[in-house]
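**Q** Starting from these lines, generate the structure:
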Amino acid sequence: MAKGKGGALDCCAACGAAACCCFIVLIVIALAGLGIAKIVMGAIHLDDCSIEKLIPIWLIVSGCAPILFGGMGKQSGEDGGDTNPCAIVCGVIGFLFNLAWLICGSVWVYPNYNTVTADDYVQCTANITTGCTEGNCDKNLITFAFAMATLDWIFMGLWIVLIGFIICRACK
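**A** You can find the predicted model right below:
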């Protein structure tokens, strides 16, 4: 086996490519795990948030949507080279749905998180009718939903930056 001048460079490039692939696989597994955790948490606590009944539903749908829309933009055309325009449209629709659903979830989660986790939070009962809040929400559920909404905004921001970079690169 003869080594050329680029032997070390070829090895570094191969190691870099392998590391990149491993990193992408780990990210995909982590995101799938988060999606499954959202579905499970929303299903377990479906009736545990009377202050905003849509929070568990938001978790379930936000866990399912990326799994359903995830592969739509990855299909190649019939010749195997260009991307199918229908797949691009479906990917854009999926992205816009996830963005709109994230906005809805943020409207439901963020104000209620501050209410439920406040030190002076008191739920209204038969004995307590003043200085209290109508409805209740499981603290584990609202904290998990708050963390997931925040993570989703971080990932949405990264996706928007990546899409902008790809568009700028394609225009050059």
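**Q** Point me to the residue sitting closest to the centre of the protein.
**A** residue 152 (4.2 Å; Cα atoms, centre = their mean).
**Q** Can you tell me the closest non-neighbouring residue to that residue?
**A** residue 102 (5.1 Å; Cβ to Cβ, 6 or more residues apart in numbering). In short, each C-beta sits where N, CA and C put it, glycine included.
**Q** In which helix or strand does the one you found reside?
**A** Assigned by DSSP states H and E, residue 102 belongs to helix 85-117.
**Q** Next secondary structure after that helix?
**A** Next along from helix 85-117, by DSSP H and E: helix 139-171.
**Q** any idea how far that following helix is from the chain center?
**A** 7 Å (Cα atoms, centre = their mean, to the nearest Å).
**Q** buried residues in that helix?
**A** 141, 142, 144, 145, 146, 148, 149, 152, 155 (16 or more other Cβ atoms under 10 Å).
**Q** ok, how many other residues are close to residue 56?
**A** Using other Cβ atoms under 10 Å, the number of residues around residue 56 comes to 23.
**Q** next SSE after the one helix or strand residue 24 maps to?
**A** Assigned by DSSP H and E, residue 24 falls within helix 7-44. The first helix or strand that comes after helix 7-44 along the chain, using DSSP H and E, is helix 54-69.
**Q** Distance check, residue 12 against residue 139.
**A** Distance of residue 12 to residue 139, computed by Cβ to Cβ, to the nearest Å: 49 Å.
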